[in-house]
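>>> Generate a structure from the sequence data that follows.
(one chain, ligands or ions: 1)
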Amino acid sequence: MTIKSEKEANETGNVKSFLKLADRLSYVPSYIFAKLDKEKQALQNKGIDVIDLSLGSPDLPSPKVVVDECVRAVQDPTNYRYPPFWGQKQFKEAAAAWMNKRFSIQIDAEHEILPLSGSKEGITHLAFAIINPGDLSIVPSPYYPVHARGTLLAGGTVYELPLLEKNKFIPDLDSIPQSVLDKAKLFFISFPNNPTGAICDFEFLEKLTNLCIKNQILLISDLAYSEITFDGFTASSIFQVKGAKDIAIEFHTLSKTYSMAGWRIAFVAGNRKIIEALYEIKTNTDYGVCNIVQASSIKAFSIPSSEHKKNSMIYQERRDVILEELKGLGWNILKPGGAMYIWLPVPKKYKSSLEFSYDLLHTAHVATIPGSSFGTYGEGYVRIALVDKKERLREAALRMKTAGLVYQ
Ligand SMILES: Cc1ncc(COP(=O)(O)O)c(C=O)c1O
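Take a look at the predicted model:
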């Protein structure tokens with residue numbers, strides 16, 4: 001095999017023409033977010049005002065106390081060296097104290113918490129710590145892509161458990177064949193849910209935990225939207241269920257809770273043995289979260305819950321505005337109980353969610369994500385993220401009306 005010079009490679013523009021890439025790249029489809037982003041950018045480069053409701057990247061400001069602390073932390077030379085592998089003690093203690101206060105649960109800060117460069121990173125690395133080629137994960141579908149892709153990249157396979165509108169997008173646990181339960185190593189859940197906006201009750205969490213205990217499956221709760229809930233609902237941690245810590249871990253991100261998506265910080269909490277396995281992978285692949293980001297984020301955990309309620313109210317008002325507008329265009333949508341998305345059924349004249357998403361982008365200049373990028377059961381929907389002001393959401397609906405993009 002001859003490896004071409006960088007110049008030659010750039011000229012061919014196609015790495016595959018000279019180098020056989022890892023097979024694992026073919027296990028995952030290319031990230032549709034990235035593809036559509038390019039098309040969106042091409043329109044924006046032409047000076048077109050695209051209303052961008054694609055990524056779930058909060059438009060609300062990061063908390064001032066965090067930003068102020070960051071300004072201090074960046075001047076502190078002790079932050080310039082590598083961060084400790086296990087994470088900063090103060091960050092871990094603050095995260096554990098927050099979980100204690102918020103959910104009334106005890107978490108051992110030293111052994112049961114690990115900071116992450118985002119939940120996405122942690123979930124992917126977790127799969128590398130648990131999944132062998134051929135192993136199986138149960139993933140409710142539609143899913144946040146990494147729930148499935150981590151397993152696939154590690155050489156495993158995924159059982160897509162359907163989230164259906166008729167069941168309010170809650171999985172039917174009784175429908176899972178025993179052969180799947182016998183084989184599965186991981187079971188993912190994420191409520192409030194991306195992309196459907198569904199919420200689950202405590203009884204569901206209890207039933208799921210007992211199922212995982214009975215079948216010895218590691219339960220992974222991705223609680224990214226715990227603090228974005230509507231109409232008075234409060235989300236529960238999996239650890240509020242008795243016995244859950246024996247078989248579960250839970251991911252919490254500051255991306256949504258504190259509008260800090262660009263800072264790249266999250267943490268995982270729970271079963272010590274599993275956290276240690278993830279730590280093994282991480283110590284071999286990265287140095288952990290930037291010291292400055294960890295130090296600043298500590299301040300976030302003491303922000304009063306009234307701030308979360310305020311932010312939830314902003315998303316709730318946006319939800320209500322867009323649902324009202326979409327109703328006028330023929331859509332009658334199940335009200336999301338949390339998270340920051342509208343899960344919009346595709347009009348019948350379109351063959352696919354991708355086709356509808358393209359039409360929305362090119363004729364109405366509204367950027368969304370086609371449901372097919374969230375798994376098999378995402379087809380037939382597109383996802384609208386509530387990441388712009390009410391006026392812009394109204395404008396998006398108006399543009400859809402003008403372009404004849406209505407529900408028929
Ligand atoms: C369910 C869910 N988990 C995790 C993430 C990513 O979180 P982070 O920014 O911490 O990587 C997202 C982002 O949209 C999400 O929707």
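>>> give me the number of residues near the nearest residue to residue 276 once chain neighbours are set aside?
What sits nearest to residue 276 in space, not counting adjacent residues and going by CB to CB, 6 or more residues apart in numbering, is residue 111, at 7.9 Å. The way it works is simple: take the backbone N, C-alpha and C, and place the C-beta from them, glycine included. Around residue 111 sit 15 other residues, with neighbours defined as other CB atoms under 10 Å.
>>> so what's residue 111 up against?
Contacts for residue 111 were tallied using CB atoms under 8 Å, 6 or more residues apart in numbering; they are 272, 275, 276.
>>> Which helix or strand contains residue 344?
strand 341-345 (DSSP states H and E).
>>> Let me see the contact set for the spatially most central residue of the chain.
Taking CA atoms, centre = their mean as the criterion, residue 144 is the residue nearest the geometric centre of the chain, at 5.2 Å. Residues counted as contacts of residue 144 (CB under 8 Å, 6+ apart) are 190, 194, 195, 222, 224, 374.
>>> same question, residue 207
Contact analysis of residue 207 by CB under 8 Å, 6+ apart lists residue 173.
>>> the strands in the protein, which residues?
Along the chain, counting by DSSP state E, strands occupy 51-52, 113-116, 136-141, 157-162, 184-189, 218-222, 248-253, 266-270, 341-345, 366-367, 369-370, 381-385.
>>> Low-confidence stretches in the stretch 301-408 of the chain?
Counting by pLDDT under 70, the stretch 301-408 of the chain contains no low-confidence segment.
>>> Just give me the neighbour total for the residue of it found nearest the ligand.
Distance from the ligand to each residue of the stretch 301-408 of the chain (CB to the nearest ligand atom) is smallest for residue 339, at 7.4 Å. Residue 339 has 29 neighbouring residues, counting by other CB under 10 Å.
>>> re the thing from before, go through the contacts of residue 111 and give me the one with the most neighbours.
With neighbours set by other CB under 10 Å, the maximum within those is found at residue 275, which has 21 neighbours.
>>> rewinding a little: who are the packing partners of the strand holding residue 344?
Using 3 or more CB pairs under 8 Å, 6 or more residues apart in numbering; DSSP states H and E as the contact criterion, the secondary-structure elements in contact with strand 341-345 are helix 305-328, strand 381-385.
>>> Of all the residues in the longest one, which ones are buried?
Judged by neighbour count (16 or more other CB atoms under 10 Å), helix 305-328 contains these buried residues: 308, 311-312, 314-316, 318-319, 321-323, 325-326.
>>> just stretch 45-62 next, same as before
Residues 50, 51, 52, 53, 54, 55, 56, 58, 62 are the ones in stretch 45-62 that count as buried (16+ other CB under 10 Å).
>>> Isn't the fifth one up against residue 38?
Read that as residue 54. No - if you go by CB atoms under 8 Å, residue 54 and residue 38 don't touch, sitting 11.7 Å apart.
>>> The closest residue to the ligand within the stretch 51-200 of the chain: how many residues sit nearby?
Closest approach between the stretch 51-200 of the chain and the ligand, counting by CB to the nearest ligand atom: residue 118, at 2.9 Å. Other residues near residue 118 come to 20 when the count uses other CB under 10 Å.
>>> Show me this structure divided up by domain.
Each domain of the chain is listed here as a residue range: 25-61+306-402, 64-302, per automatic domain parsing.
>>> Test my guess that residue 182 contacts residue 215.
Yes - assessed by CB under 8 Å, residue 182 is found in contact with residue 215 at 7.0 Å.
>>> more neighbours, the two?
Neighbours were counted for residue 182 and for residue 215 using other CB under 10 Å; residue 215 has more, 17 against 11.
>>> quick one: that one from residue 173, how far?
Computed as CB to CB, to the nearest Å, the residue 215 to residue 173 distance reads 11 Å.
>>> same question, residue 226
The separation that residue 226 has from residue 173, given CB to CB, amounts to 21 Å.
>>> When the two are compared, which one has more neighbours?
Using other CB under 10 Å, the more surrounded residue of residue 226 and residue 173 is residue 226, with 23 against 15.
>>> I'd guessed the more buried one sits against residue 192; true?
Yes - shown here, residue 226 and residue 192 form a contact pair, counting by CB under 8 Å, at 7.5 Å.
>>> residues shared between the contacts of these two?
Where contact means CB under 8 Å, 6+ apart, the residues bridging residue 226 and residue 192 through contact with each are residue 235.
>>> Excluding residues flanking it in the chain, which one is nearest residue 116?
residue 122 (3.7 Å).
>>> Next, the contact list for that neighbour, please.
Contacts of residue 122 by CB under 8 Å, 6+ apart are 114, 116, 251, 266, 268, 278.
>>> before we move on, the earlier item: can I get the contacts of residue 111 in TSV including pLDDT and distance to the ligand?
What follows is the contacts of residue 111, written out as TSV (pLDDT from 0 to 100; distance: CB to the nearest ligand atom, whole Å):
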residue	pLDDT	distance to the ligand
272	95	22
275	97	17
276	97	21
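>>> what's near enough to touch the nearest residue to residue 248 once chain neighbours are set aside?
Excluding its sequence neighbours, the residue lying closest to residue 248 (CB to CB, 6+ apart) is residue 219, at 4.1 Å. Residue 219 is in contact with 187, 189, 208, 209, 212, 238, 244, 247, 248, 249, counting by CB under 8 Å, 6+ apart.
>>> Could you check how far the first one is from residue 261?
For residue 187, the distance to residue 261 under the criterion CB to CB works out to 26 Å.
>>> Could you do the second one as well?
Distance, residue 189 to residue 261, by CB to CB: 22 Å.
>>> neighbour count winner among these two?
residue 189 (26 against 19).
>>> coming back round to it: any idea which of the buried residues of stretch 45-62 is closest to residue 167?
Of all the buried residues of stretch 45-62, the one sitting nearest residue 167 is residue 56; the distance, using CB to CB, is 23.1 Å.
>>> Report the contact partners of the closest residue to that closest one other than its chain neighbours.
Computed as CB to CB, 6+ apart, the closest residue to residue 56 that is not its neighbour in sequence is residue 385, at 4.8 Å. Under the criterion of CB under 8 Å, 6+ apart, the contact list for residue 385 reads 53, 54, 55, 56, 57, 340, 341, 368, 369.
>>> go on, residue 281?
Residues 125, 126, 128, 129 are the ones in contact with residue 281 under the rule CB under 8 Å, 6+ apart.
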